[in-house]
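*Asks:* Pasting a predicted model and its sequence here:
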Amino acid sequence: MKNGNIVLRYIKESDIEDYVRWTTTETEWNDWDAPWEVDEEGGFVAWQRDMLNEEPHFYSKLEIDTLAGKHLGWVLCYGVDDLGKTKVTAVGLNIPVVGDRGMGYGKNALTLYMAHLFKKEDVLYTQTWSGNTPMLRLAEKIGFAEVRRIKDLREVGGKKYDALTFAMSKEDFFDKYPELLNEC
């Protein structure tokens, strides 16, 4: 699947080297992506290796590449069951290398992925914390609306931050991105 300057695809063996680098040397992204969670030794990379053996399916984590084939990161969805409803679907993404951000890759990747998921979903959510300014900017650009805020739920670096949930309906999404109706 393509959108502007990116391609979404399933994981492949050569991606594992990138995941090792992103969890050992290029780790700045961990400052934004749930920094209160601690990865068990090698657990994140092991999860990526396990995905190589899984049969791709509709709700897969997908890798983000440039059109030239540079591996940039990933998009994924996950179930959220703390909104007082049945489990709902939330989306997220990571572009670990700082120099790969700010060029529209994240927006193009997440909107394409959302168009894919809207084949089966009526509303998509994303969750983050008030200190994650890159994701907050992206959620705003895409058109997500804040639907819940839990004050001071997260602590990072000795400072308290709010937990945030955003939502976007299928109708609002395709009103804003009609060009993606036929992309998936």
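*Replies:* Nice, I can see it. What you see is a predicted model, and the numbers here were worked out from it, not measured in a lab.
*Asks:* pLDDT weak spots in the chain?
*Replies:* Applying pLDDT under 70 to the chain flags residues 27, 30-59, 82-85, 183-184.
*Asks:* in it, which spans are strands?
*Replies:* Secondary structure of the chain (DSSP state E): strands located at 2-3, 6-9, 62-66, 71-80, 88-94, 123-129, 145-156, 159-169.
*Asks:* and the residue lying farthest from the centre of the chain, what does it touch?
*Replies:* With Cα atoms, centre = their mean as the measure, the chain has its most outlying C-alpha, relative to the mean C-alpha position, at Gly158: 25.7 Å. By Cβ atoms under 8 Å, 6 or more residues apart in numbering, the contact list for Gly158 is empty. To be clear about C-beta, it is placed using only N, CA and C from the backbone, and glycine gets the same treatment.
*Asks:* Ramachandran coordinates for it?
*Replies:* Its backbone dihedrals place Gly158 at phi 80, psi 10, with angles given as degrees, to the nearest 10.
*Asks:* Determine the set of other helices and strands touching the top helix by length along the chain.
*Replies:* With residue count as the measure and DSSP state H as the assignment, the chain has helix 105-117 as its longest helix. Using 3 or more Cβ pairs under 8 Å, 6 or more residues apart in numbering; DSSP states H and E as the contact criterion, the elements in contact with helix 105-117 are strand 2-3, strand 6-9, strand 62-66, strand 71-80, strand 88-94, helix 133-142, helix 170-176.
*Asks:* and the angle from it to strand 159-169?
*Replies:* Regarding helix 105-117 and strand 159-169, their directions subtend 50 degrees when assessed with axes from the mean of the first three to the mean of the last three Cα atoms, to 10 degrees.
*Asks:* export helix 105-117 as PDB, just CAs?
*Replies:* Output of helix 105-117 as PDB, limited to C-alpha atoms (Å, rounded to 0.1, in the frame of the first residue of the first chain):
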ATOM      1  CA  TYR A 105       6.100  10.100   6.600                       C
ATOM      2  CA  GLY A 106       4.200   9.600   9.900                       C
ATOM      3  CA  LYS A 107       1.100  11.400   8.700                       C
ATOM      4  CA  ASN A 108       1.100   9.500   5.300                       C
ATOM      5  CA  ALA A 109       1.700   6.100   7.100                       C
ATOM      6  CA  LEU A 110      -0.900   6.500   9.800                       C
ATOM      7  CA  THR A 111      -3.600   7.900   7.500                       C
ATOM      8  CA  LEU A 112      -3.000   5.100   5.000                       C
ATOM      9  CA  TYR A 113      -3.200   2.500   7.800                       C
ATOM     10  CA  MET A 114      -6.300   4.100   9.200                       C
ATOM     11  CA  ALA A 115      -8.000   3.900   5.700                       C
ATOM     12  CA  HIS A 116      -7.100   0.200   5.700                       C
ATOM     13  CA  LEU A 117      -8.600  -0.300   9.200                       C
END
